[in-house]
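Novice: Here's a sequence, model it:
(one chain, ligands or ions: 1)
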Amino acid sequence: MDEKIIDLKKELDGELSACENVADLENIRVKYLGKKGSVTDLLKEMKNLSNEEKKTFGQKVNELKNEVSDKITERMNDLKKKELEKELNAMPEFDVSMPPSLDRGSYHPITLVQRQCEAVFKSMGFAVEDYSEVVTDYECFEALNIPKHHPARDMQDTYYLENGQLLKSHTSAAQNAIYKKYKDALVNEGKPIKAIFPGRCFRNEATDACHENTFFQMEGVMVDKDISISSLIFFMKTMLSEVFKKDIKVRLRPGFFPFVEPGFELDISCLICGGDGCPSCKHSGWLELCPCGMIHPEVLKAGGIDPEEYTGFAFGLGLTRLAMMKYGVKDIRDLNSGSLKSLSQFTDDE
Ligand code: PHE
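Specialist: Alright, predicted model coming up:
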């Protein structure tokens, strides 16, 4: 019996030193210590021995079992270490003092201003809504008090699908759906409608440095009892001051849009000259930024809201324009160019 133990140890040592990977080693473990393994077989042979012999032999086999198990574990650690070393050596050299790679992705400047505006309006309790780019004639025009053949449609020629739907020419196209979504909470629970909805807009337009056929707007509406023009001025001023990180002066000029009454063009004091007059503001000291107004009673009615009881304001902030102003982009076409060289240089300064 003792011989068997010695032979087994020799055999194991040979196999262990020949074994070069973790999977083979696992097979060796099963071969010796598994249910049908050689060490287990030795224990089975004990039944033929006398009681006295059983005691000493049993002890020896147990010692053998521990020894085999220790040797396998030791070899396992060795092999694992070797495998790790091999992996590390295969890795390219890494210099921790290198500056970070400039190939990381970056946000588009329009995304950056959109996020900044969203954050400000969210903090004032506005919901951020998404709306489809393909809309119906009703949503884009009729529900906004722009009937067929109204001259206001000329300004907003867009791309039509064969089924009569169209690519929205302004984010106002979502107004009707927003009123319908929130009107019950307004009437039954007295919750004011406060929502912004940024989106991509399209117009059939010849492009130049200031005009694009694809651009972004962010519409905002608020409807409640006793909403007035001063509410509109307050929200716009707060938002712009946050986005530009300085106190922004605003002024309203009359402007015509069939879906607001009265309608305005909101100007901000020129960011470049501070209002003294410079070429960027055509020496007026003001920049045109955001058309807005009090929602027309017909538009509220189309959205299922009683204009005798509720009033509201709406604005259509030009996100593309805002990004151009904030980041000093001179040609609007750069924004859709996909040129990473010009688009990846902006970062969120928050
Ligand atoms: N939708 C208008 C446009 O794109 C802007 C606007 C929105 C005007 C909301 C007034 C109120 O020209």
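Novice: quick one: the strands in the stretch 101-250 of the chain?
Specialist: For the stretch 101-250 of the chain, the strands defined by DSSP state E, counting those that start in this stretch cover 127-128, 134-135, 166-167, 193-202, 214-224, 250-254.
Novice: Please state the offset of the third one from the chain centre?
Specialist: So the one you mean is strand 166-167. Mean-position distance between strand 166-167 and its chain equals 25 Å (CA atoms, centre = their mean, to the nearest Å).
Novice: So for that strand, mean pLDDT?
Specialist: Averaging pLDDT along strand 166-167 gives 98.
Novice: From the contact counts, what lies against it?
Specialist: strand 134-135 (3 or more CB pairs under 8 Å, 6 or more residues apart in numbering; DSSP states H and E). No exception for glycine: its C-beta is placed from N, CA and C like everyone else's.
Novice: what's near enough to touch V223?
Specialist: If a contact means CB atoms under 8 Å, 6 or more residues apart in numbering, then V223 has 179, 182, 186, 192-193, 295, 300, 305, 310-312 as its contacts.
Novice: I'd like to know which of the strands of the stretch 101-250 of the chain lies nearest to the ligand.
Specialist: Set against the ligand and scored by CB to the nearest ligand atom, the strands of the stretch 101-250 of the chain come closest in strand 214-224, at 6.0 Å.
Novice: The closest one: partners in the sheet, and parallel or antiparallel?
Specialist: Here strand 214-224 is paired, per DSSP bridges, with strand 193-202 (antiparallel), strand 311-318 (antiparallel).
Novice: D7: what secondary structure?
Specialist: Applying DSSP: H, G, I helix; E, B strand; the rest coil to D7 yields a three-state assignment of helix.
Novice: Torsion angles phi and psi at E212?
Specialist: For E212, the backbone dihedrals (degrees, to the nearest 10) come out as phi -140, psi 150.
Novice: Kindly provide the distance from the closest residue to it other than its chain neighbours to L322.
Specialist: Counting by CB to CB, 6 or more residues apart in numbering, E212 lies nearest to I332, which is 4.9 Å off, once chain neighbours are set aside. Separation of I332 from L322 (CB to CB, to the nearest Å) stands at 12 Å.
Novice: same question, P198
Specialist: Taking CB to CB, one finds P198 at 11 Å from L322.
Novice: where does the chain dip in pLDDT?
Specialist: Where the chain drops to pLDDT under 70, the residues are 1, 101-103, 348-350.
Novice: interface residues of it facing the ligand?
Specialist: Contacts of the chain with the ligand, taken as CB under 6 Å from any ligand atom, map to 170, 172, 257, 260, 263, 291-293, 314-316.
Novice: Reformat those residues as TSV; add neighbour count.
Specialist: Output for these, formatted as TSV (neighbours: other CB atoms under 10 Å):
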residue	neighbour count
H170	24
S172	28
F257	23
V260	24
G263	19
P291	21
C292	26
G293	24
A314	26
F315	24
G316	21
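Novice: Burial check on the residue lying closest to N204 once chain neighbours are set aside, number of neighbours?
Specialist: The shortest distance from N204 to any residue other than its chain neighbours is 4.3 Å, reached at D157 (CB to CB, 6+ apart). Residues near D157, counting by other CB atoms under 10 Å, number 13.
Novice: The one 5 residues further on now?
Specialist: Counted with other CB under 10 Å, the neighbours of E162 add up to 5.
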